[in-house]
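Peer 1: give me a 3D structure for the following:
(2 chains)
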Amino acid sequence: MNRFAWIAAALAATTFLAALAFTGGRGGPGLAPFTPAGLLTIPAEQVREVEVTSGDRQWHFVRGESGWRAERGTVTAGFEARLEGAVTLLRNSGPERILTDAELAGVDVAQFGLDPPRSRVILRGSGADSFAISFGAANLLGLSRYARLDDKREIALLPGFVPEAWEQLGGAP
Amino acid sequence: MSAELANIGWFFGVVAALALLFAAGLTLPVRIGSTSRVVTAVLVVGAALTVAILANVALFRHDAYLDLTREKAFTPSAEARDLVLALKEPIDVAYFYQKQNPGARALTTMLSQLERQNPNFHVQLIDADQSPALANSLGVRTYNSAVLRAGDRRIEVITTDDREIALGLLRLMRQREMVVCFAAGHGEYDIDNFEFHTHFEGAQSHHHDASGLAVVQMEHHGIGRLRRALEKLGLVARKVSFATGQAIPDDCAVLVEANPRTAYSPKESELLRRYLERGGSAMVLVEPDYVLDDSIAAVLARAGVKIGDGVIVDPRDHYFTDEQMIAVSRYGTHPVTRGLSLSFYPGARPLETVAAADVRVVPLAASSTESYIISDRLGKRVEPETGPPAARIIVLASEGRITEAAKPFRLIVAGDADFVSNSFFPYLGNSDVVLAGIAWLTREERAPTMKPPVEVLPTVTLTGAQMRGIFIVTVLLMPGLVALAGVAMWWRRR
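Peer 2: Got it, this is the predicted structure:
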């Protein structure tokens, strides 16, 4: 190999090292950026309309220029904050486990309490986006709840505080 | 061990057969006779599929598996296997496991292996998230919970450890409640105390009893670990005091007198004698510094036992460098000593057998033939004070009748008590000695034995020479060489 080839190779190697040195990264403990892990795919600020059914109670909320207003259902003071909190939890809190189709084969799904569901939430975004989820029975420990999206067959185990935030939306215990 | 070897044998046999077939496939002609290429290809594919299926079936049917983890995390313990093999009645196990838990998944593997050991052991592995209704119907309220059922008896064990399941089986198979009574009232070891490694500081060193010492550093000491082990075996531990003159309760399957510190009164000794007369069982553990009064000595003598004075020194078989910490690896032939490994007795007094009618006494553990007795354990004297070196009995078992009309009693006496204390109970074979002794005293020696899991941190034990070697290499030699290299470099450049 002649002299110019060596120089070219050396330059290429240096460029390669420089490229590696100035790209990539390594997240340290506690430095990983937060990413929402919840089932709700619509960004919380884009949610314009919410319908909630919990037992015999129903709510319908619409986000206007001045914030949330209740079109239907009884609410108490501070419901806007509770509603924002419930949407945020649905967006950020991921499922602890998702029971796949294969895992549900041959299993009696009635035991998950989703037919009929204990509570149900429908959210609509600014466009045509919509999201509907049903919450069912609690798991063995009583700390998580079974949940299912309208367009999915899988059943998720969500932390119990997510459905509870929706079920206590009106302010009633 | 033989089962494991058989497993490995089967596994490597199948692998060797497959390798041989592979080599044969490379060597043999692809075309078979005058058959067409298509037919040959079909035959070869068919043969390959057949071999693959046969290999899988062979491995399945011969239960071949290899557990390459250091802790044998996927292999049931020998105790659990023995227990399952000995099952005579059908046992149903429903294990509600959490799929995300690796320990629980490992236990499902082990339960499946155990199920193949004995057709009486039926296992149902249930993903608790998939079957909450079934869990509710059985009253299960938490993950990794095993419901063990035999007929109308049922217990629940929450665990990811196969030995806990085996202990649950042991409890399930026991037909009646067994109470182990611990004598209280003479400053005995406390069964509610879980402190360990109490030691007493003296003028020269530290020890584990208070003989001749001026300063007691810590007064907490107990046998809580023994109590927990007994409860894991399904036994009930209870304190009893007969200093008030009340008889030892009849429901005491065993009376344990562990390290009394004050003397018995003749009346209490009489109560103990009557208890043995009624066919009771007792374990008496006394330390070298305990002074026995004549009344209890007489009761023990009637049972064929004499507790001697002094402390045994064993220059040959001892633990670490302490010649008073007697190590025992050979035992007398007795149901208690079946399968025992090395145990040790920190500061033991000698026992002797005495002639007693209708009583059979068997030495269980003894020091080596080079041992001798000294009276002052802290003294500098190292020569024998009483007679030539000889083996000294440390633990013995006695059974028979106190009187002709009495029911047969069982008794175990040890010239040491702290080997059962929290400080020493979990180490080496000490827990085996105590638990096997209690099993014999409760007349359950034929029942499957099961040592409860005792958590002990893994330790590295170094001899004095090894420690000195490490010190010389790491503290002196390695820094010294670096310094030397620096000096040499300076000298060369100078």
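Peer 1: and the stretch 101-250 of chain B, which of its residues are near chain A?
Peer 2: Within the stretch 101-250 of chain B, the positions near chain A by CB under 8 Å from any CB of the partner chain are B:127-133, B:135, B:140-143. The way it works is simple: take the backbone N, C-alpha and C, and place the C-beta from them, glycine included.
Peer 1: in strands only, show me those.
Peer 2: Mapping these onto strands (DSSP state E) picks out residue B:127.
Peer 1: taking the residues of the stretch 101-250 of chain B next to chain A, please make a PyMOL selection of just the buried ones.
Peer 2: Here is the PyMOL command that selects the buried residues among those (16 or more other CB atoms under 10 Å in any protein chain shown):
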select buried, chain B and resi 127+128+129+130+131+132+135+140+143
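Peer 1: report the contact partners of the residue of chain B found nearest chain A.
Peer 2: When scored by CB to the nearest CB, chain B has residue B:133 as its residue closest to chain A, at 3.6 Å. Counting by CB atoms under 8 Å, 6 or more residues apart in numbering or on different chains, residue B:133 makes contact with A:108, A:110-111.
Peer 1: again, 6 Å this time
Peer 2: residue A:111 (CB atoms under 6 Å, 6 or more residues apart in numbering or on different chains).
Peer 1: measure it to residue B:155 for me?
Peer 2: 22 Å (CB to CB, to the nearest Å).
Peer 1: so where's the chain uncertain?
Peer 2: If you meant another chain, say so; for now it's chain A. Flagging of chain A using pLDDT under 70 yields the residue ranges A:1, A:27, A:31, A:170-173.
Peer 1: oops, chain B please
Peer 2: Those would be B:1-4, B:7, B:30-33, B:63, B:197-220, B:377-386, B:446-464, if you go by pLDDT under 70 across chain B.
Peer 1: can you count the residues close to residue B:174?
Peer 2: 16 (other CB atoms under 10 Å in any protein chain shown).
Peer 1: which residue is the nearest non-sequential neighbour of it?
Peer 2: Distances taken as CB to CB, 6 or more residues apart in numbering or on different chains place residue B:234 nearest to residue B:174, at 5.4 Å, with adjacent residues excluded.
Peer 1: can you give me every residue that contacts residue B:130?
Peer 2: Here residue B:130 is in contact with residue A:107 (criterion: CB under 6 Å, 6+ apart).
Peer 1: 8 Å instead?
Peer 2: With contacts defined as CB under 8 Å, 6+ apart, the neighbours of residue B:130 are A:99, A:103-104, A:107.
Peer 1: same question for residue B:56.
Peer 2: Shown in contact with residue B:56 (CB under 8 Å, 6+ apart): no residues.
Peer 1: am I right that it falls within a strand?
Peer 2: No: read with DSSP: H, G, I helix; E, B strand; the rest coil, residue B:56 is helix and lies in no strand.
Peer 1: now it: how far from residue B:187?
Peer 2: In terms of CB to CB, residue B:56 sits 65 Å off from residue B:187.
Peer 1: ok, the contacts of residue B:130 vs residue B:36, which is closest?
Peer 2: Set against residue B:36, the nearest of the contacts of residue B:130 by CB to CB is residue A:103 (46.8 Å).
Peer 1: how about that closest one, what does it touch?
Peer 2: B:127, B:130 are the contacts of residue A:103 under CB under 8 Å, 6+ apart.
Peer 1: before we move on, what SS does it have?
Peer 2: helix.
Peer 1: repeat for residue B:295
Peer 2: helix.
Peer 1: give me the helices and strands touching the helix or strand containing residue B:253, please.
Peer 2: Using DSSP states H and E, residue B:253 maps to strand B:252-258. Under the contact criterion of 3 or more CB pairs under 8 Å, 6 or more residues apart in numbering or on different chains; DSSP states H and E, strand B:252-258 touches strand B:179-183, strand B:236-240, helix B:266-277, strand B:281-285, helix B:430-441.
Peer 1: residue B:360 reaches residue B:399, doesn't it?
Peer 2: Yes: with contacts defined as CB atoms under 8 Å, residue B:360 counts as touching residue B:399 at a distance of 5.7 Å.
Peer 1: neighbour count: those two, which is higher?
Peer 2: residue B:399 (20 against 11).
Peer 1: now do the contacts for the residue lying closest to the more buried one once chain neighbours are set aside.
Peer 2: Nearest non-adjacent residue to residue B:399, counting by CB to CB, 6+ apart: residue B:410, 4.8 Å away. Each residue near residue B:410 by CB under 8 Å, 6+ apart is listed here: B:281-282, B:397-399, B:440-441, B:443.
Peer 1: my read is residue B:410 is in a strand, agree?
Peer 2: Yes: according to three-state DSSP, residue B:410 belongs to a strand.
Peer 1: beta partners of it?
Peer 2: Beta bridges link residue B:410 to residue B:281, residue B:399, judged by DSSP bridges.
Peer 1: tell me how far it lies from residue B:189.
Peer 2: For residue B:410 relative to residue B:189 (CB to CB), the value is 21 Å.
Peer 1: before we move on, what about residue A:58?
Peer 2: 66 Å.
Peer 1: between these two, which one's more packed in?
Peer 2: residue B:189 (26 against 14).
Peer 1: surely the more buried one touches residue B:417?
Peer 2: Yes: look at residue B:189 against residue B:417 with CB under 8 Å: they come within range, at 6.9 Å.
Peer 1: before I go, just wanted to say thanks for your time.
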